[in-house]
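1. model this:
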Amino acid sequence: MIIFSKNGGRKMSIAAILLSLICLFTLINMSRIKADTLDGVVIKIQDSCILMDSLDENEPGPVEVSYPDKFDVSEIMAGDKIRVYYTGGIAESHPCQINKTIKIKKIE
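-> The predicted model follows:
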C-alpha cells in the first residue's frame, strides 16, 4: 500500500517503484547464460559423457562432453553430428573435456 504525504511522499514512491523495476530487469539479464558452442561427430556414447571428434580447427581431436541436466542419451548415436552448448571453457587434457554442458543438439 502506498501512502502519500504532503511533502514529497509521492516522489519517493515513484522512485522506489522505478528502482525496483531496474533491479528486476538487471536480475533477469544476469540470469541469461552466454554459452559457447562446439560442433562434432559422436565417436562413442559412454556412461557419463559423449566422446566426439571436434569439427572445429581450433579444438582438433577427440572431446569428452558431459551430459547436461535431463538429457536423453537415446537421442544421440555414434556417427551423429552434434552441437554442444557449454560454459566454462574446454579443459586442455587428452581427450579435451567439456564439463559444464548446457545443451546437446543433433545437427545436419
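2. give me the low-pLDDT residue ranges for the chain?
-> 1-12, 21, 23-33 (pLDDT under 70).
3. and the longest strand for it?
-> Determined from DSSP state E, the single longest strand within the chain is strand 36-45.
4. quick one: contacts of that strand?
-> Contact with strand 36-45 is made by 50-56, 59, 62-63, 65, 73, 76-87, 89-90, 98, 107, as judged by C-beta atoms under 8 Å, 6 or more residues apart in numbering. (Glycine included, C-beta is placed from N, CA and C.)
5. so how do I select the buried members of the residues you listed in PyMOL?
-> Applied in PyMOL, the following selects the buried portion of these according to 16 or more other C-beta atoms under 10 Å:
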select buried, resi 50+51+52+54+59+62+63+65+76+80+82+84+85+86+90+98
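6. surely residue 51 is within a strand?
-> Yes: secondary structure of residue 51 (DSSP: H, G, I helix; E, B strand; the rest coil): part of a strand.
7. which stretches of the protein form helices?
-> Using DSSP state H, the helices of the chain run over 9-31.
8. ok, residue 56 to residue 40 distance?
-> Per C-beta to C-beta, to the nearest Å, residue 56 is found 8 Å from residue 40.
9. check the gap between residue 39 and residue 19 for me.
-> Residue 39 is 44 Å from residue 19, by C-beta to C-beta.
10. next one: the nearest residue to residue 101 once chain neighbours are set aside from residue 51, what distance?
-> Take residue 101 and drop its neighbours on the chain: the residue closest to it by C-beta to C-beta, 6 or more residues apart in numbering is residue 68, 4.5 Å away. Distance of residue 68 to residue 51, computed by C-beta to C-beta: 16 Å.
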